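Participant: sequence and predicted structure are below.
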Amino acid sequence: MIGRRVTKRRVASLAEVEKLLRERGGELGYGQQASLEYAKKFAKVGKETADELIEKLTQNEKISAWTAVKIVDVMPKYKSQITAIAVKEKCDLTEKEKDEIIKIIAEALPKKEEKEEKAEGKVEGKEEG
């Protein structure tokens, strides 16, 4: 992007990337459009939920904002997935801490029945409109 400068650099979840690109006025460039499509496809929660999860996860001093965002983007269901993220980010978590992360994520994810109801509502809404 010509004429734009990076004034501040920080980590952003996929949900936040999606929200920022949707709110951006005007036409998106190729890279921005590709990023938006990727974020829409892989973001598992909305921005507000992602922000809450990141805040909860970073209460543990071992978990940096970067690691918390990676955990929220992946939304791991198993300790082995958390271990893979933690090892890459050089974060040494105990089994108890991994269990706590799994619990926090499970509470944030909508139940299967709620997902199905939402999906049905979206389909019905499209048919009516």
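Facilitator: Thanks, I have the structure now.

Participant: so where is the protein shaky, pLDDT-wise?
Facilitator: Scanning the chain for pLDDT under 70 picks out the ranges 1-3, 111-129.

Participant: show me what contacts the residue nearest to the spatial centre of it?
Facilitator: Note on the chain: the residue nearest the mean C-alpha position is Asp73, at 3.5 Å, using CA atoms, centre = their mean. Applying CB atoms under 8 Å, 6 or more residues apart in numbering, we find Asp73 in contact with Ser13, Leu14, Phe42, Ala43, Lys44. In this view, the C-beta of every residue, glycine as well, is placed from N, C-alpha and C.

Participant: so who does the third one touch?
Facilitator: For Phe42, the set of contacting residues under the criterion of CB under 8 Å, 6+ apart consists of Leu14, Asp73.

Participant: and with 7 Å instead?
Facilitator: The neighbours of Phe42, taking CB atoms under 7 Å, 6 or more residues apart in numbering as the test, are Leu14.

Participant: now it: phi and psi?
Facilitator: Backbone torsions for Phe42, taken as degrees, to the nearest 10, come to phi -110, psi -10.

Participant: alright, calling it a day.
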